[in-house]
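J.: Sequence first, predicted model second:
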Amino acid sequence: MLAVAGGKGGSGKTTTALGLAGALVERRRRPLVADCDLDAPNLHLRAGVPRDPGADASTPTAAVHESATVPGADVLPAGDADGDDLAAALDALPESRPVILDCPAGASEAAVRPLRAADACVVVATDTREGIEDAVKTAAMARAVGTPVRAVAVTRTASVPDGLADAAAADAVPIPDAATPLEARETAAAYATLADYAEPNT
């Protein structure tokens, strides 16, 4: 189970989660991406699946939909789940396949909950001073709850900022800017590289 986390909203966490799922599909895996952002759930929109049923369903595994934008990847939307619903859904997800958690931004308990459940974490950042600072804080937060950081994905850039890997204590992977990042060849290559670092445990 891999958490895709970041302190800043709009940094590209949801797109990165789906991009990683696409890289796993290319490796003949069947990933499941779960929306853990209960306050601003948007995974269903990017993945092209219904909002409901979601993590609040009595049987969350029956609420999974195949993504229209990343065929071969399944998606569990947030639906109308609260924190208890999400915790129960995470416990019920299968261990026989890669699971990617699309985490909320920030450093609240809601942001920490999926990090605690995950086996590892990918931190998503933008190539700005604020974005880098947030990435370093998110990496520290993940480690504080015992979740190792496998890599930092820096979105919408062709290069990695100097010093980021040292500051975050994890390798950094640039994800190039693209109008359609889930379809572009250059971003697919970057997501494949990221998956080399961060392929979820099964």
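T.: It's in. Residues are numbered from 1 along each chain as shown.
J.: can you map out the strands along this structure?
T.: 2-5, 32-35, 65-66, 74-76, 99-102, 120-126, 149-155, 171-175 (DSSP state E).
J.: Just say which of those strands is most tucked in.
T.: Sort these by mean neighbour count, taking mean count of other Cβ atoms under 10 Å, and strand 2-5 sits at the top with a mean of 30. Where C-beta positions appear, they are placed from N, C-alpha and C, glycine not excepted.
J.: what is the rounded mean pLDDT of it?
T.: Here strand 2-5 scores 96 as its mean pLDDT.
J.: Contacts for the lowest-mean-pLDDT helix or strand in the chain next, please.
T.: Taking mean pLDDT, DSSP states H and E as the measure, the chain has helix 164-168 as its least confident helix or strand, at a mean of 90. The contact list for helix 164-168 (Cβ atoms under 8 Å, 6 or more residues apart in numbering) reads 123, 125, 132, 135-136, 139, 149, 152, 154, 171-172.
J.: mind running it again at 10 Å?
T.: The contact list for helix 164-168, computed with Cβ atoms under 10 Å, 6 or more residues apart in numbering, reads 123, 125, 127, 131-133, 135-140, 149, 151-152, 154, 161, 170-173.
J.: next one: stretch 134-142
T.: By Cβ under 10 Å, 6+ apart, the list of residues contacting stretch 134-142 reads 3, 5-9, 11, 103, 105-107, 111-112, 115-116, 118, 120-126, 128, 147-150, 152-154, 161, 163-164, 166-170, 172.
J.: What residues sit buried inside it?
T.: Of the residues in stretch 134-142, 134-139, 141-142 count as buried by neighbour count, 16 or more other Cβ atoms under 10 Å.
J.: Which one of these is nearest to A184?
T.: Distance to A184, by Cβ to Cβ, is smallest for A135 among these, at 22.8 Å.
J.: Skipping adjacent residues, who's closest to the closest one in space?
T.: Nearest residue to A135, sequence neighbours excluded (Cβ to Cβ, 6 or more residues apart in numbering): A125, at 3.5 Å.
J.: Could you pull out the helices in this structure for me?
T.: Taking DSSP state H as the criterion, the chain carries its helices at 13-26, 43-47, 83-92, 109-117, 129-144, 164-168, 185-198.
J.: out of the ones you listed, nearest to P71?
T.: helix 13-26 (7.4 Å).
J.: Next, the angle from that closest one to strand 171-175.
T.: Relative orientation of helix 13-26 and strand 171-175, computed by axes from the mean of the first three to the mean of the last three Cα atoms, to 10 degrees: 90 degrees.
J.: tell me the contacts of G131?
T.: So G131 contacts 6-8, 10-12, 124-125, 154-157, 161, 164 (Cβ under 10 Å, 6+ apart).
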